[in-house]
Structure formats: C-alpha cells, structure tokens
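Novice: Here's my sequence, what's the structure:
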Amino acid sequence: MRVSYFPGCTLRTKAKELDLQARKCAQALGVELCEIENWQCCGGVFVTAKDEVASKLSSVRALKAARDASQPLVTVCSACHNVIKQTNHAMQTDAEFADKVNRYMAQDKDAGEPYHGETVVQHYLELLRDTVGFDQVKAKVQKPLTGKKVACYYGCLLLRPGKVMQMDDPENPHIMEDLIRALGGEPVVWAARNECCGGYVALENEPSARKKSEKVLGDAQSHGADLIVTACPLCRYNLSKYSADVPVVYFTELLAQALGVEEEA
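Specialist: Numbering: from 1, shown residues only. You can find the predicted model right below:
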C-alpha cells in the first residue's frame, strides 16, 4: 500500500520522534510513505481571510502531487494536517479562491492540470483506523502497553473545525483511545483532552499559556494518567515545558513501542 506523505518542517527538527516512529510503524504495517518531492512549509496556520492565497500554495502543490500520483495525502503533524485539510476543503467549496490559486499555479513550471480538491487527505491516525484497521494493528502488537494508563490529548487542531476536519466527534472523540486499546493500554477518561494548551499565545502571553497547560496537565494527573499522548509538536512542547510529573509523548512513539520497532531519533 502506497500513500503520499507530507512530513512538515517541525518533524525535521524539534519533532523528529514523531516522524521517525511514524515511518518505522508504517513499514511494519505494510504501508509505504512516499514523501512528496520538494515540499515546503504548510504555512503553520490556516489563514481564514478569503483574499489570502500565497501561504496556501505549498499545501495545494502537495495536494496536487498526491492527486497526480493517484494516492491519498497523509500527514502526521496535527498543525500540518489542519492547514492542508482546510486548504483542500477551500479548493472544493470556494470557486473564487480556487480560481485565484489555480491562476497562480499556472505559472509553475510543468503546471499540469488545475486542482479542485480531488485528493483524499488523511491524518496518520485515520490511516491506522480506516485503511490499515485497528484490528490489524492489534494483531501486529509485540509488546502490549499492559498496565499503562494513557491520557489521549487532542488539543485544538485535530478536531476543529469539525465540519471540515471530520476526523471524529469534536466534543467526544475516541480515535486515539481506540488506538490505545488496540495497543493493549488503558485510555483515561478525562475532561480536558480537547482543550487548548495555550500554544499559540505562548510568546505574547506566557502566563495565559502556562495556565492553560497546567489545567490540562492537572486534569490528566487527577484521573490517574501515567502519561499523556499527543499528535501535535506544539502541544508536546508546551505541555512538557510545564509538566514535572506526567511524561508527554507522541502517539507514534507508543505505537512503535507496542509494535516492537522503536528506534532512537
């Protein structure tokens, strides 16, 4: 099984573990991640202004490359996924925006056919659930996470806006909990799993970011979590910065551990 893969900038620097373990696990599960050639930064955040096109062109180029390869486009960073999924939705539903983008793209060397949102965008978690199947993941487990109480932290970007992301119920998600069960662990039921960690205000309002992160950490700890698992590099950074007692790891790290393919970054 081959899929196009967009790693994103952070996975080459501060979030190497997220990328490395994703690649190792994909190989173990029979999935070939075909990295998009010459990809550029997704933009980091989806700008909602309708006349803002330039920051979205790199996402459209990645989407177009996946379409031309007749493959879905898989991301693992929740921020990259949010930007690419929202950009793809805009190309499908906003004719004026799509026209502006395609007129820009027509100036590219070997521009090819215009893009209108044909690519299926999957987060790595969706790839595991919908393409591989959690039953198949469970069958591949070599080292079950027996006895581990895991708090699955979604944050803002995986689930919202719900009508566009369509990964899971934005108020009561369970995709990560289902994965943890497949890996033999025990997911913790807790209230703050889809609350904001304060990541986007960390530079301009550090006290606010700290307050938000400490609320998340405190809630996870009060419900007996041994560790917190996330898909977002910014969430991991922010939560780890203020956590003295609860480790914060990427879901791909737990997956690699359970599959027996864990490797040092």
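Novice: Spatially central residue for the chain, please.
Specialist: Closest to where the C-alpha atoms of the chain average out (CA atoms, centre = their mean) is Ser78, at 2.8 Å.
Novice: That one against Arg160, yeah?
Specialist: No: with contacts defined as CB atoms under 8 Å, Ser78 does not count as touching Arg160, sitting 10.6 Å away. Any C-beta I mention is one placed from the backbone N, CA and C, and that applies to glycine too.
Novice: what residues are up against the residue nearest to the centre of the chain?
Specialist: 123, 155, 157-158, 230-232, 235 (CB atoms under 8 Å, 6 or more residues apart in numbering).
Novice: so where do the strands sit in the protein?
Specialist: For the chain, the strands defined by DSSP state E cover 2-6, 32-35, 73-75, 121-123, 149-152, 186-187, 227-230, 248-250.
Novice: what's the last one in contact with?
Specialist: This means strand 248-250. Contacts of strand 248-250 (CB under 8 Å, 6+ apart): 15, 17-18, 21, 153, 227-231, 235-236, 239-240.
Novice: mind putting those in TSV, distance to Ser213 and neighbour count included?
Specialist: Shown next, in TSV, are these (distance: CB to CB, whole Å; neighbours: other CB atoms under 10 Å):
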residue	distance to Ser213	neighbour count
Ala15	17	23
Glu17	20	20
Leu18	19	27
Gln21	24	25
Tyr153	11	28
Leu227	15	19
Ile228	11	25
Val229	16	26
Thr230	12	27
Ala231	17	27
Cys235	9	27
Arg236	11	26
Leu239	5	26
Ser240	9	16
